[in-house]
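Trainee: Pasting the sequence and the predicted model now:
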Amino acid sequence: MTASSAAQGPTRPTPGPRLLDVRRLWAEPEALASPRGRQVRARFPDAEIIPVASHWQIDRLHGNAGNIDRWIRVKTEDLVLGVKKSLTARENGRSADWIAPSTSNGCAMACAYCYVPRRKGYANPITVFTNIDKIVGYLGRHVRRQGPKTVPNQCDPHAWVYDLGENSDCSIDALVSDNVADLITAFRSWPTAKASFATKYVNRDLLDLDPRGRTRIRFSLMPEADARLLDLRTTPIRQRIAAIDDFVAAGYEVHVNFSPVVVRPGWERDWAELLEQLCDGTGSAFKAQAAAEIIMLTHNEQLHEVNLGWHPKAEDLLWQPAAQQAKRSGSGMWNVRYRNHVKAAGVDTLTGLIAERTPWLTVRYAF
């Protein structure tokens, strides 16, 4: 479905209440009136419509410290519709060649280390950008300007890779609108480019979209013990691994993200066990095209303070001042990451475990 046909109404079942029970739809008038906005409205027909001038400036959501004790309720009950004003593709060079313009922002899941709340302030429910036709049109022009990829790099040897979900999880976004379906369909027709997104949620509706190898899904994995504490409202790790072969069979390129890697007592043992689960739980087709990214934990003092208000146990793992140092991010924010020697030792340990337990798994990059 394209945005022009979206007004016909929902094409997939409304997501269950575990993640989304939308009661308030905060909407820019232009976004609500668009075909994609009408589609989202049709999927949540009982939600109260609250007009807003800007999807970014909603006092009751953004910067409202009183939302700390409603952290999960806000993610479950609130949804925002907006129009993406600035369309730019940013150079990346790590996981992808380019970061595509966002088609959404925020998430219904509640990973304790997520960086998006650092910017939005206290709440980050999903914001859907409804001008999908303009976003797809911009990407098509950008892809054509690049021409063929003639020099292989760590992102991909042949295709220009565009990350779609920097500020969201596309598997969840696909429950709300057809934005993700439109993007996967578009990349299917661009032979020099490839879409990519990381996910912590198994959305089997995506198996029907026929990506023809032009979309890379990166399932994020960590040991079960860490995920139970840090990856709240996500698909369990074993179910993510169990879904990998199905997505390969459906035409996706499937990689894995080992993210975030949290250094704590016993972490090496648990990561070795996870690698064995990955090896035993996947078939030869996945292994033949598999690659991994290693992302060591990055945290943030403001997010630490927020977490203390709603999920303090997570901070026992995430906030380790003796092992962490300040680092200014590319967006200008001050974060904390592991000290250089701690990070280097962690990367060496995990890459050694990969070489030993899953020698078929290429490490594309470690950060």
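Mentor: Yes, it's here. Residues are numbered from 1 along each chain as shown.

Trainee: from here on, contacts and neighbour counts on C-alpha atoms
Mentor: Fine.

Trainee: list the contacts for residue 356?
Mentor: Contact criterion C-alpha atoms under 8 Å, 6 or more residues apart in numbering gives no residues in contact with residue 356.

Trainee: So it lies in a strand, does it not?
Mentor: No: counting by DSSP: H, G, I helix; E, B strand; the rest coil, residue 356 falls outside a strand, being helix.

Trainee: For the protein, which element, helix or strand, carries the lowest mean pLDDT?
Mentor: helix 116-120 (a mean of 64; mean pLDDT, DSSP states H and E).

Trainee: Could you identify the helix or strand that succeeds it?
Mentor: On the C-terminal side of helix 116-120, the nearest following helix or strand under DSSP states H and E is strand 127-129.

Trainee: Direction included, what does that next one pair against?
Mentor: Using DSSP bridges, the strands paired with strand 127-129 are strand 78-82 (parallel), strand 104-105 (antiparallel).

Trainee: List the buried residues in stretch 193-204.
Mentor: 193, 194, 195, 196, 197, 198, 199, 200, 201, 202, 203 (16 or more other C-alpha atoms under 10 Å).

Trainee: Among those, pick out the one closest to residue 215, please.
Mentor: residue 195 (4.5 Å; C-alpha to C-alpha).

Trainee: Against residue 112, how distant is the closest one?
Mentor: Distance of residue 195 to residue 112, given as C-alpha to C-alpha, to the nearest Å: 26 Å.

Trainee: which stretches of this protein have low pLDDT?
Mentor: 1-17, 63, 65, 117-122, 329-333 (pLDDT under 70).

Trainee: in it, which spans are helices?
Mentor: 29-33, 35-43, 71-77, 116-120, 132-146, 170-176, 179-188, 224-230, 237-249, 267-281, 284-289, 301-310, 312-318, 340-357 (DSSP state H).

Trainee: so can I have a markdown table of those showing distance to residue 258?
Mentor: Converted to a markdown table, the helices of the chain look like this (distance: least, C-alpha to C-alpha, whole Å):
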| stretch | distance to residue 258 |
| --- | --- |
| helix 29-33 | 36 |
| helix 35-43 | 33 |
| helix 71-77 | 25 |
| helix 116-120 | 19 |
| helix 132-146 | 28 |
| helix 170-176 | 18 |
| helix 179-188 | 23 |
| helix 224-230 | 12 |
| helix 237-249 | 11 |
| helix 267-281 | 9 |
| helix 284-289 | 16 |
| helix 301-310 | 21 |
| helix 312-318 | 16 |
| helix 340-357 | 10 |
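
Trainee: what's the spacing between the residue nearest to residue 94 when sequence neighbours are not counted and residue 163?
Mentor: Closest residue in space to residue 94, ignoring its immediate chain neighbours: residue 155 at 6.5 Å, by C-alpha to C-alpha, 6 or more residues apart in numbering. Distance, residue 155 to residue 163, by C-alpha to C-alpha: 10 Å.

Trainee: ok, these two, which is more surrounded?
Mentor: Neighbours were tallied for residue 155 and for residue 163 using other C-alpha atoms under 10 Å; the higher tally belongs to residue 163 (23 against 19).

Trainee: Is that one bridged to anything, and to what?
Mentor: Applying DSSP bridges to residue 163 gives these bridge partners: residue 99, residue 196.

Trainee: quick one: contacts for it?
Mentor: 95, 96, 97, 98, 99, 100, 195, 196, 197.

Trainee: now the residues you listed as TSV including distance to residue 210?
Mentor: Formatted as TSV, the contacts of residue 163 follow (distance: C-alpha to C-alpha, whole Å):
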residue	distance to residue 210
95	23
96	22
97	23
98	23
99	23
100	21
195	13
196	15
197	16
